[in-house]
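Chemist: how would this look folded up:
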Amino acid sequence: MHAATAPTLPPATSPSRDDATHLPAGPEPLTPAAVAARQQAVVAALLRVLPAQAVLWHTEAVAPFECDGLSAYRQRPLAVALPETHAQVGQVLAACHALGVPVVARGGGTGLSGGALPDAAGVTLSLARLNRIQHIDPLARTAVVDCGVRNLAISEAAAVHGLYYAPDPSSQIACTIGGNVAENAGGVHCLKYGLTVHNVLRVRGFTVEGDAFALGSEALDAAGLDLLSAFIGSEGLLGVVTEVTVRLLPKPQVARCLLASFDDVGLAGDAVAAIIAAGLIPAGLEMMDQPMTRAVEDFVHAGYDLSAAAILLVESDGTPEEVEEEIERLTAVLQAAGATRIELSQDEAQRLRFWSGRKNAFPATGRISPDYLCMDASIPRKALATMLAAIARMEGEFGLRCCNVFHAGDGNMHPLILFDANDPDELHRAEAFGNAILTAAVGLGGSITGEHGVGVEKLDAMCVQFTDTERAQMLAFKAAFDPEGRLNPGKAIPMLARCGELRTPPAQAMGQTPALREALATLPRF
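Modeler: Modelled structure (predicted):
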């Protein structure tokens, strides 16, 4: 434990909504005088458990933490704590709990729903310095890692044993395993190998009071309630994870990728449903529309067919015999579904080049638009074509372009709405466009999120997706872990009063427009 006297702070300025580009409605901020007093007390408490270089509070020092990947929403925290050990994490939480100060845990900052948006009167707990791979057991096929270890680093460390970690978000080069646990992250290979929840065996961490806990087991099952599954994807609302035990898989002997072109987006969507209906579960099944393929081709030169209205990336992996048979069956289904061109990767370099386009979809979009809002909705696979047609009509209504890329195999869509945040009207139209997409997804029997979480982005959509009773149950579950709501406050579960204001009718609350009404009228009910 590091002791220090309370520092002499510079005159504090309130990190209120005036500092933010845009922030959803919420409780009124503290007065500047109250912020200064709280900041003085918080920094002094943090310096009693952390070295001076691990505590940030000056405006310029905390600015890099004011948002995650959803940069449209910004808020500077009161202070930032950067612990280097597991024990320090517990001490920081205990210190903040004693002061009644909110805590927002943060990993790599790559989240896309504002889940790591700071609290203006709270502490951002950065876990990036907990980045040690503790142990790899090649016989048990497990790895024990700190929460700040990058997703890709796990596979890189396990490669010497012929093993890898399957969930592979597009941000895997930068995102952390702790953040993956918070959001239940997926990736392009989640169709066959599952999401984070299917590949994590145990987590260790600390409660809001700073008490240590462990959930799960390295065995096939654990005694008691399955709280591990409930914890994964809880977006930092229940506790702070510092250690994760993951399941490793043997690297496939062979992997090959089919690149299929379609002259109609609807046919591409129907082809996805046909593949699954044929009893085929590829290692990866991704779809991109023409605006998206043109953006990424100009960026990484993946070899995509720019004349196609949409392309599918379909990967098969396994033994040489398994891959050969599956590729033959997949090719037949794609041809029957109307593919105009099918190309099979001839070597590992070409396979990786095909995937490089998909993996770089988000940065490629950043090259063609000042800002973009990446939505994350899941729908039944058979509704893909209908949903894409609805999004196309919404583009005209909202006056904004949209590029579509998504995990087609499990119906997890990522429409990227292009806008300029310097124009407040465009930001509001982008938000309304995104809410319209989420409303349509719910109308199709889908979900407002598949892997990016709720954060601050989808609070209003929670009121459309869930009833008052369901949200009350969620609040009660959170209260069992965090009675005073100090962990990541105001995220994921909107207040019941707010939803009451938005509830009737749901589509109206989400900004329904003539185009959306037309789109909803054509959506089949499954």
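Chemist: mean confidence score for stretch 445-452?
Modeler: Model confidence over stretch 445-452, given as mean pLDDT, is 93.
Chemist: just the buried residues of that stretch, please?
Modeler: 446-452 (16 or more other C-beta atoms under 10 Å). All C-beta atoms are positioned from the backbone trio N, CA, C, and that covers glycine.
Chemist: convert the C-alpha atoms of it to PDB, please.
Modeler: Taking only C-alpha atoms (Å, rounded to 0.1, in the frame of the first residue of the first chain), the coordinates of stretch 445-452 have been written out as PDB:
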ATOM      1  CA  GLY A 445     -38.600 -11.200 -33.000                       C
ATOM      2  CA  GLY A 446     -35.000 -10.200 -32.600                       C
ATOM      3  CA  SER A 447     -32.900  -8.400 -30.000                       C
ATOM      4  CA  ILE A 448     -31.500  -4.800 -29.600                       C
ATOM      5  CA  THR A 449     -28.000  -6.200 -29.200                       C
ATOM      6  CA  GLY A 450     -26.000  -9.200 -30.100                       C
ATOM      7  CA  GLU A 451     -22.500  -8.500 -28.700                       C
ATOM      8  CA  HIS A 452     -21.900  -4.800 -28.300                       C
END
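Chemist: what's next to that stretch, contact-wise?
Modeler: For stretch 445-452, contacts defined as C-beta atoms under 8 Å, 6 or more residues apart in numbering pick out 111-113, 169, 183-186, 190, 195, 374, 376-380, 383, 407, 410-413, 438, 441-442, 454, 458, 461-462, 464-465, 525-526.
Chemist: in strands only, show me these.
Modeler: Residues from those lying in strands, with DSSP state E as the criterion: 374, 377-378, 407, 412-413.
Chemist: nearest to residue 317, of those?
Modeler: Proximity to residue 317 was ranked across the ones in strands among the contacts of stretch 445-452 by C-beta to C-beta; first place goes to residue 407, at 16.3 Å.
Chemist: what's near enough to touch the closest one?
Modeler: Under the criterion of C-beta under 8 Å, 6+ apart, the contact partners of residue 407 comprise 186-188, 190-191, 285-286, 414, 450.
Chemist: gap between it and residue 234?
Modeler: 21 Å (C-beta to C-beta, to the nearest Å).
Chemist: and residue 225, by the same measure?
Modeler: From residue 225 to residue 234 the distance is 14 Å (C-beta to C-beta).
Chemist: looking at those two, which one has more neighbours?
Modeler: When neighbours are counted by other C-beta atoms under 10 Å, residue 234 comes out ahead of the other of residue 225 and residue 234, with 24 against 9.
Chemist: quickly find the element holding that one.
Modeler: Secondary structure assignment for residue 234, by DSSP states H and E: no helix or strand.
Chemist: chain neighbours aside, what residue packs nearest to it?
Modeler: In space, not counting the residues next to it along the chain, residue 234 is nearest to residue 182; the distance is 7.1 Å by C-beta to C-beta, 6 or more residues apart in numbering.
Chemist: the helix or strand containing residue 385 - contacts with which helices or strands?
Modeler: For residue 385, the element it lies in under DSSP H and E is helix 384-398. Of the remaining helices and strands, those touching helix 384-398 by 3 or more C-beta pairs under 8 Å, 6 or more residues apart in numbering; DSSP states H and E are helix 265-277, strand 402-407, strand 412-419, helix 424-443, helix 514-522.
Chemist: which one is the residue most central in space within the chain nearest to, not counting chain neighbours?
Modeler: Central residue check for the chain by C-alpha atoms, centre = their mean: the C-alpha nearest the mean position is that of residue 452, 2.5 Å away. Ranked by C-beta to C-beta, 6+ apart and with sequence neighbours excluded, the top spatial neighbour of residue 452 is residue 376, at 3.7 Å.
Chemist: check contacts around that neighbour.
Modeler: When the contact criterion is C-beta under 8 Å, 6+ apart, the partners of residue 376 are 112-113, 412-414, 448-453.
Chemist: phi, psi for it please.
Modeler: The phi and psi torsions at residue 376 (degrees, to the nearest 10) take the values phi -150, psi 90.
Chemist: against residue 345, how distant is it?
Modeler: Taken as C-beta to C-beta, the spacing of residue 376 relative to residue 345 amounts to 28 Å.
Chemist: before we move on, the earlier item: and the contacts of residue 407, which of them are buried?
Modeler: Burial by neighbour count, 16+ other C-beta under 10 Å: within the contacts of residue 407 this picks out 186-188, 190-191, 285-286, 414, 450.
Chemist: out of those, which comes closest to residue 359?
Modeler: residue 188 (7.4 Å).
Chemist: for the nearest residue to that closest one once chain neighbours are set aside, list the residues it contacts.
Modeler: Distances taken as C-beta to C-beta, 6+ apart put residue 284 closest to residue 188, at 4.7 Å, once the chain neighbours are dropped. The neighbourhood of residue 284, defined by C-beta under 8 Å, 6+ apart, consists of 188-189, 191-192, 257, 313-315, 355, 409.
Chemist: most neighbours, which of those residues?
Modeler: Counting by other C-beta under 10 Å, residue 314 has the largest number of neighbours within the contacts of residue 284, with 30 neighbours.
Chemist: hang on, that residue in a strand?
Modeler: Yes: residue assignment for residue 314, taken from DSSP: H, G, I helix; E, B strand; the rest coil, places it within a strand.
Chemist: and the spatially closest residue to it that is not a sequence neighbour, how many neighbours?
Modeler: Leaving aside its chain neighbours, residue 314 sits nearest to residue 258 (4.3 Å; criterion: C-beta to C-beta, 6+ apart). For residue 258, the tally of surrounding residues (other C-beta under 10 Å) stands at 22.
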